[in-house]
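Asker: dropping the sequence and predicted coords here.
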Amino acid sequence: MTRAHSGKYLLLVGPQDAPRALLFGARHDLLAELDHSDLVIDDLVQAGAPCPPPEPLARQAGLAKRGEAANARCYRLADW
């Protein structure tokens, strides 16, 4: 079964103690922005595999314009 809106990448942008958490789908479409206090972020980070942010994610998040791409932390989420 194909899920059109399943999270595929978690992108953390900004300071370590309060990053913006952006959830992207398989087609690099922005699905949601999660609250930092949400425990789901910790679970996703633990379950995900660190990866360099794909170029389309950096573009979608506007990282290139702000020079934040180097500080972004990206996690590829498992298929389920």
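Answerer: Happy to help now that I have it.
Asker: ok, how many other residues are close to the residue lying closest to residue 24 once chain neighbours are set aside?
Answerer: Of all residues not flanking residue 24 in the chain, residue 9 sits nearest, at 4.3 Å (C-beta to C-beta, 6 or more residues apart in numbering). Bear in mind the C-beta positions are built from the backbone N, C-alpha and C, glycine included. Other residues within reach of residue 9, judged by other C-beta atoms under 10 Å, total 22.
Asker: check which helices and strands the strand or helix carrying residue 9 sits against.
Answerer: Element membership for residue 9 (DSSP states H and E) is strand 7-13. Under the contact criterion of 3 or more C-beta pairs under 8 Å, 6 or more residues apart in numbering; DSSP states H and E, strand 7-13 touches strand 20-25, helix 39-47, helix 55-61, strand 73-76.
Asker: which residues are in contact with the first one?
Answerer: Right, the one you point to is strand 20-25. For strand 20-25, the external contacting residues (C-beta atoms under 8 Å, 6 or more residues apart in numbering) are 4-14, 30-36, 38, 41, 44, 57, 60-61.
Asker: filter those residues to the buried ones?
Answerer: Neighbour counting by 16 or more other C-beta atoms under 10 Å classes 7-13, 34, 41, 44, 57, 60-61 among those as buried.
Asker: which strands border the strand holding residue 9, and is each parallel or antiparallel?
Answerer: strand 20-25 (antiparallel), strand 73-76 (antiparallel) (DSSP bridges).
Asker: worst average pLDDT in those?
Answerer: Per-stretch mean pLDDT for these is lowest at strand 20-25 (a mean of 90).
Asker: now do it against helix 39-47, angle only.
Answerer: Calculated by axes from the mean of the first three to the mean of the last three C-alpha atoms, to 10 degrees, strand 20-25 forms an angle of 60 degrees with helix 39-47.
Asker: CA atoms of strand 20-25 as CSV?
Answerer: Extracted as CSV, the C-alpha positions of strand 20-25 are listed here (Å, rounded to 0.1, in the frame of the first residue of the first chain):
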residue,chain,number,x,y,z
ARG,A,20,12.4,24.1,13.7
ALA,A,21,11.3,20.5,12.9
LEU,A,22,10.0,20.1,9.4
LEU,A,23,8.5,16.8,8.1
PHE,A,24,8.8,16.1,4.4
GLY,A,25,7.2,13.4,2.2
